[in-house]
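Student: Predicted structure and sequence below. I'll ask about it afterward.
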Amino acid sequence: MEPIRIKGRGISKGSAGGEVLLSEDPISFLGNVDPQTGKIVDPEHCLFGKNIAGKVLVFPHGKGSTVGSYVIYQLFKNGVAPVAMVNLECEPIVAVGAIISEIPLVDGLESNPFEMLKDGMNVSVDGNEGWLEIKD
Ligand SMILES: C/C(=C\C(=O)O)CCOP(=O)(O)O
């Protein structure tokens, strides 16, 4: 299959590829995620028990404490950060976390990623030019 490229807005530079993990729920990195392991630890969250480490994490937007930026950085320092992130609409807490952790992040894709993507799909994210590419 030819890769399908969807344009968006680059928020955090860099490029990376990997398996999609979709979260219909917003993410509060402080409280929802264990910074030591990358596991979602909030039983109320739709990804409870799953691990965001090494995934292309797709979620609507961040929420909660400004400390969330530093939790993203902790994830990065601990080697358990997502390889890339995609938001419907990014907000400053996740943007800062992604930028200081050098995690590529795009938002505002021309097609709704929740309609196009499924868990486990292989995609690439480019935060320099602002796009997501579906490989299969
Ligand atoms: C910097 C803060 C707490 C700390 O040092 O642990 C305050 C964070 O305030 P939020 O209203 O949660 O953003």
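Tutor: Structure received.
Student: Partner strands of the helix or strand residue 123 falls within and their direction?
Tutor: Element membership for residue 123 (DSSP states H and E) is strand 122-126. Strand 122-126 sits in its sheet next to strand 15-22 (antiparallel), strand 131-134 (antiparallel), going by DSSP bridges.
Student: Need the winner for burial among the ones you listed.
Tutor: Highest mean neighbour count of the strands paired with strand 122-126: strand 131-134, a mean of 20 (counted as mean count of other Cβ atoms under 10 Å). Backbone N, C-alpha and C define where each C-beta goes, glycine included.
Student: contact partners of that one?
Tutor: Residues from elsewhere that reach strand 131-134 (Cβ atoms under 8 Å, 6 or more residues apart in numbering): 3-8, 86, 106, 109, 113, 116-117, 121-126.
Student: 7 Å instead?
Tutor: 3-8, 86, 106, 109, 113, 116, 121, 123-125 (Cβ atoms under 7 Å, 6 or more residues apart in numbering).
Student: beta partners for the residue nearest in space to the middle of the chain?
Tutor: Against the mean C-alpha coordinate of the chain, by Cα atoms, centre = their mean, the closest residue is residue 85 at 2.3 Å. According to DSSP bridges, the residues that bridge with residue 85 are residue 57, residue 105.
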